[in-house]
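Engineer: Below are the sequence and a predicted model; questions follow.
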Amino acid sequence: MTETLTGDARTQALAPLLAAGWALAEGWDAIEKTYEFRNFIEAFGFMARVALWAEKLDHHPEWRNVYCRVEVVLTTHDAGGLSARDVELARRMDALAATP
Ligand code: HBI
């Protein structure tokens, strides 16, 4: 059973993500971010590369793509909230977005 992040561990794990443009979602324990790319191909290429990592991590984003924009929400359904898996995937997504 995946555990949700709580207390100091949660604060310390989320701080760099919040500083990098992630935000706490309203209404449920999740984080969200919108990535803007130069065009659709870069946006979709980002999604394709993230997909490979999501499979490798066995942890998958909820996302929406509109042309050059990718709107992402991360939460751990098995845990009913944010877990270390969400933090890991968010870090990976930021790294992938930095090299379109
Ligand atoms: N992705 N975001 C997210 N949350 C999950 O709980 C989850 C997942 N991908 C695969 C997965 N769980 C598997 O462990 C099975 O529970 C489906």
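Structural biologist: Noted; the coordinates are in hand.

Engineer: CA atoms for contacts and neighbours, from now on please.
Structural biologist: OK.

Engineer: How about residue 37, nearest residue that isn't a chain neighbour?
Structural biologist: residue 68 (5.0 Å; CA to CA, 6 or more residues apart in numbering).

Engineer: again but with residue 97, I slipped
Structural biologist: The nearest residue in space to residue 97 (CA to CA, 6+ apart) is residue 46, at 6.4 Å.

Engineer: mind listing what the most centrally placed residue in the chain touches?
Structural biologist: What sits nearest the mean C-alpha location of the chain, by CA atoms, centre = their mean, is residue 90, with 3.6 Å. Counting by CA atoms under 8 Å, 6 or more residues apart in numbering, residue 90 makes contact with 17, 74.

Engineer: list the buried ones in whichever strand or helix holds it?
Structural biologist: Here residue 90 sits within helix 84-97, counting by DSSP states H and E. For helix 84-97, the neighbour count (16 or more other CA atoms under 10 Å) marks 84, 85, 86, 87, 89, 90, 93, 94, 96, 97 as buried.

Engineer: ok, now stretch 72-87?
Structural biologist: In stretch 72-87, counting by 16+ other CA under 10 Å, buried: 72, 73, 74, 75, 76, 81, 82, 83, 84, 85, 86, 87.

Engineer: buried stuff in stretch 18-26?
Structural biologist: By neighbour count on 16+ other CA under 10 Å, the buried set for stretch 18-26 is 22, 23, 24.

Engineer: what ranges do the helices span in the protein?
Structural biologist: 7-19, 40-57, 84-97 (DSSP state H).

Engineer: Turn those into CSV, including distance to the ligand.
Structural biologist: What follows is these, written out as CSV (distance: least, CA to the nearest ligand atom, whole Å):
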stretch, distance to the ligand
helix 7-19, 16
helix 40-57, 8
helix 84-97, 7
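
Engineer: can I get those helices in CSV with mean pLDDT and distance to residue 31?
Structural biologist: Formatted as CSV, the helices of the chain follow (pLDDT from 0 to 100; distance: least, CA to CA, whole Å):
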stretch, mean pLDDT, distance to residue 31
helix 7-19, 97, 9
helix 40-57, 98, 16
helix 84-97, 98, 8
